[in-house]
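Asker: Here's my sequence, what's the structure:
(one chain, ligands or ions: 2)
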Amino acid sequence: TFPERVFSGIQPTGIPHIGNYFGAIKNWIRLQDTHSSVMYSIVDLHSVTVPQDPAILRENIMSMTACLLACGIDPDRGILFQQSQVPYHTELAWILGCQCTLSRLAHLPTWKEKSAATKDALLGLYTYPVLQAADILLYKGTEVPVGEDQFCHIELARALAKLFNNRFGHLFPQPSILLTDLPRIKSFRQPDKKMSKSEANPNSRIDLTDSPDEIRRKVKKAVVDSHSELTYDTDNRPGISNLIGLECAITQKSPSQVCEENTGVLTGQYKLKLADLLIEELTPIRLQMERLLSDRHHLSGVIKKGRDRAMEIAEPNIAEVKSLVGF
Ligand code: ADP
Ligand code: NA
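Answerer: Ligands and ions are numbered 1, 2, ... in the order given. The predicted structure is shown next:
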């Protein structure tokens, strides 16, 4: 049996929005309390599967590091590191890629979707699920907190671990999905869709660095229907239900509790209350992020320490892999 280890990654593709925060990052913070070994990687190698401007990428790696720390990732408990600083991710991905058929990758829904959206899809975009398997297996990760869209990729990691183990020796665990019931935050402009960085309209989302004024303005403009009372009905009233869901994500209240407490409150007034709650939740994060980003030396130190601790685990594991393969 393998000791429990949580592994997850996030791409450095700009400031996270409150969907990323309530739907992923907050869960990462909680896992630090419930699991003895947690590893969080800023997966820059994954981000270059689509073209990135080097200067912007470099800045995004710094700001994502600052953001995760500001949200509450504790680099003394978990391991927070930059993927490309540990060279063995790509080394293991190559070896695993040599156990993986083309057709297995071609059937992944993420590939079908992404390749359909671009005329000249890149090789890296095709093979990145193999890199993702390597990310997890390099540390013998056993639990992976990911959303539904990633289930097929964890399946692939399990399949590749099994193929490797059967052929070379029992080295890798079978990583499993760590399922948590996480809130799904909807777009403020199209509440039938999820809030996403890829939606062009910046008013569709609240970023973790938005100022109180911006937060207030965006919440006021959030699309709701013409009924002015508060009821929770995600199918028929997605706009107001999304706002109620946000309060629940902040306060841990249930939707019915929120509706009860706001009997007689009109949606316009409720928006102002919600904006205040969001401002209260996000302001400390924004200020801490600013402090961290103003001390690059300290940030680099955190990244360096994360690398050293990740390397300590990765080095003996990749040595075992290579020895089993015959290198
Ligand atoms: P985006 O769609 O903004 O690019 P990603 O796909 O990079 O977001 O997702 C990063 C993490 O945030 C994933 O774990 C994903 O499940 C979570 N996430 C993204 N959008 C939302 C959302 N609107 N609500 C809840 N969680 C979300
Ligand atoms: Na996305």
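
Asker: neighbours around the one residue in the stretch 101-250 of the chain that gets nearest to ligand 1, how many?
Answerer: Of all residues in the stretch 101-250 of the chain, the one sitting closest to ligand 1 is Gly147 (3.1 Å; CB to the nearest ligand atom). (Glycine included, C-beta is placed from N, CA and C.) Residues near Gly147, counting by other CB atoms under 10 Å, number 14.

Asker: same question, Glu91
Answerer: 17.

Asker: Can you tell me, leaving aside adjacent residues, what's nearest to it?
Answerer: Ile318 (6.1 Å; CB to CB, 6 or more residues apart in numbering).

Asker: Distance of the one you found relative to ligand 1?
Answerer: Separation of Ile318 from ligand 1 (CB to the nearest ligand atom, to the nearest Å) stands at 27 Å.

Asker: That residue - that's part of a helix, no?
Answerer: Yes - under DSSP: H, G, I helix; E, B strand; the rest coil, Ile318 falls within a helix.

Asker: in the stretch 201-327 of the chain, which spans are helices?
Answerer: 212-221, 238-251, 255-261, 267-293, 296-325 (DSSP state H, counting those that start in this stretch).

Asker: And the ones you listed: which comes nearest Thr1?
Answerer: For Thr1, the closest of the helices of the stretch 201-327 of the chain is helix 296-325, at 16.4 Å, according to CB to CB.

Asker: Check which helices and strands that closest one sits against.
Answerer: Where contact means 3 or more CB pairs under 8 Å, 6 or more residues apart in numbering; DSSP states H and E, helix 296-325 is packed against strand 38-42, helix 54-71, strand 79-82, helix 88-97, helix 123-138, helix 151-168, helix 267-293.

Asker: I'd like the ones you listed written out as JSON lines, with distance to Val219 and mean pLDDT added.
Answerer: Below are these laid out as JSON lines (distance: least, CB to CB, whole Å; pLDDT from 0 to 100):
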{"stretch": "strand 38-42", "distance to Val219": "29", "mean pLDDT": "98"}
{"stretch": "helix 54-71", "distance to Val219": "20", "mean pLDDT": "98"}
{"stretch": "strand 79-82", "distance to Val219": "31", "mean pLDDT": "98"}
{"stretch": "helix 88-97", "distance to Val219": "40", "mean pLDDT": "98"}
{"stretch": "helix 123-138", "distance to Val219": "35", "mean pLDDT": "97"}
{"stretch": "helix 151-168", "distance to Val219": "32", "mean pLDDT": "97"}
{"stretch": "helix 267-293", "distance to Val219": "4", "mean pLDDT": "98"}
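
Asker: Of all the ones you listed, which one is nearest Met195?
Answerer: It is, among the helices and strands packed on helix 296-325 and with distance given as CB to CB, helix 267-293, at 12.8 Å.

Asker: that older thread, the residue nearest to Glu91 - how many residues pack around it?
Answerer: Count around Ile318 with other CB under 10 Å applied: 21.

Asker: Cys67 too?
Answerer: Neighbours of Cys67 (other CB under 10 Å): 29.
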